[in-house]
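Peer 1: Compute the structure for the input listed below.
(one chain, ligands or ions: 3)
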Amino acid sequence: MIMSTSKNDMPKHLAIIMDGNGRWAELKGKNRIHGHSYGVKAVQEVVEEAVQLNIEYLTLYAFSTENWSRPQEEIGILMKLLVNTLRTELEKLLENRIRLNVIGNIQQLPEIVQSELEYVVEQTKNNKEMTLTLALSYGGREELANALKQLACKVKDNLISPENIDQSIINEHLYTQNLPDVDLLIRTSGEKRISNFLLWQIAYAELYFSKVLWPDFTKKHLHKALISYQKRERRFGKTSKQLLG
Ligand code: IPE
Ligand code: IPE
Ligand code: MG
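Peer 2: Ligands and ions are numbered 1, 2, ... in the order given. Reported below is the predicted structural model:
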């Protein structure tokens, strides 16, 4: 099957768990860090291809709340890599009219990372071609716990009554309040788990698992995932017949 490039056939929101950098490097007898820097090249290729394909929202899992328990050295280098990449990529984001957005517990990130992110988010805020969201220090359970905390405070202050709490109000208290639900979730490196990513937002996402390690993931692999997505029937609880009618 050939991939349809019609905007209607594309996932409006594509999310990716970029996994396998460490194993990629270890297979080459190199330090894990080497894998992370090659992972950046894959990010660049996938971001550019996603814009070309008219995908409106691309969300990348770059660092989880659980990743804080990795060795300090690895965390430090990942943060440095992030700052350097943001600096060098700003021009390309502007050129491709990409808006940068960030989700996660941003206050936990080093000051320098926070200020770099703020700068790039501000510089790209009027771009309309695609919203690129980086999930940094992000955990789905923490996001839900925060939303519940905010709602509980509002109930206590008589700003909302408990009867009015529904799915859309919960949505408005998530980091992803301005993003649509995920249509397609890709995870690389052969792992078949969610690892605390966008738990609420993937309720009806199509899942695609690729064995390719993230630094080896190219636009060709992205196309394969999109073809698989386009072959699926998304029923959202209905019957096939209802979808035709
Ligand atoms: C994904 O690759 C990048 C981050 C989680 C930051 P990993 O670093 O998890 O690589 P593996 O899974 O150990 O191979
Ligand atoms: C998920 O990958 C987090 C990111 C890709 C940023 P991990 O490598 O941290 O997940 P687990 O530990 O294999 O579940
Ligand atoms: Mg991993």
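
Peer 1: What's the separation between Phe209 and Arg141?
Peer 2: Between Phe209 and Arg141 the distance is 22 Å, computed by C-beta to C-beta, to the nearest Å. Quick note: C-beta positions are derived from backbone N, CA and C, even for glycine.

Peer 1: Between those two, tell me which one has more neighbours.
Peer 2: The neighbour comparison of Phe209 against Arg141 (other C-beta atoms under 10 Å) goes to Phe209, with 16 against 10.

Peer 1: Next up, the contacts around the more buried one.
Peer 2: 186-187, 190-192 (C-beta atoms under 8 Å, 6 or more residues apart in numbering).

Peer 1: among the residues you listed, who's most crowded?
Peer 2: When neighbours are taken as other C-beta under 10 Å, the top entry among these is Ile186 (27 neighbours).

Peer 1: I figured that residue hits Leu14, correct?
Peer 2: Yes. Using C-beta atoms under 8 Å, Ile186 is in contact with Leu14, at 7.2 Å.

Peer 1: Is the most far-flung residue of the chain relative to its centre in a helix, a strand, or coil?
Peer 2: Distance from the centre of the chain peaks at Asn158, with 34.5 Å (C-alpha atoms, centre = their mean). When classified by DSSP: H, G, I helix; E, B strand; the rest coil, Asn158 comes out as coil.

Peer 1: Distance of it relative to Asn164?
Peer 2: 12 Å.

Peer 1: for Ser4, same thing?
Peer 2: From Ser4 to Asn164 the distance is 41 Å (C-beta to C-beta).

Peer 1: With Gln242 instead?
Peer 2: For Gln242 relative to Asn164 (C-beta to C-beta), the value is 30 Å.

Peer 1: Looking at the chain, what residue ends up closest to ligand 2?
Peer 2: Closest to ligand 2 within the chain is Ser195: 3.6 Å, counting by C-beta to the nearest ligand atom.

Peer 1: Assign the residue in the chain that ligand 1 sits nearest to to helix, strand or coil.
Peer 2: Closest approach between the chain and ligand 1, counting by C-beta to the nearest ligand atom: Gly22, at 2.9 Å. Following three-state DSSP, the label given to Gly22 is helix.

Peer 1: List the contacts of the longest helix along the chain.
Peer 2: Across the chain, the helix with the greatest residue count (assigned by DSSP state H) is helix 72-95. Residues outside helix 72-95 that contact it (C-beta under 8 Å, 6+ apart): 32-33, 36-37, 40, 43-44, 48, 62-63, 67-68, 98-100, 109-110, 112-113, 116-117, 119-120, 123-124, 127, 132, 136.

Peer 1: Quick check: end-to-end length of stretch 211-226?
Peer 2: Its start and end residues considered, stretch 211-226 measures 15 Å (C-alpha to C-alpha, to the nearest Å).

Peer 1: check contacts around Lys12.
Peer 2: Applying C-beta under 8 Å, 6+ apart, the residues contacting Lys12 are 55-57, 180, 183.

Peer 1: Over to Asn127?
Peer 2: So Asn127 contacts 93-94, 97-99 (C-beta under 8 Å, 6+ apart).

Peer 1: Show me which residues of this protein are close to ligand 2?
Peer 2: 17-19, 61-64, 66-67, 191, 193, 195 (C-beta under 6 Å from any ligand atom).

Peer 1: Mind giving me the ChimeraX select for those residues, buried ones only?
Peer 2: The following ChimeraX line selects those of those that are buried, judged by 16 or more other C-beta atoms under 10 Å:
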select :17,18,19,61,62,63,64,67
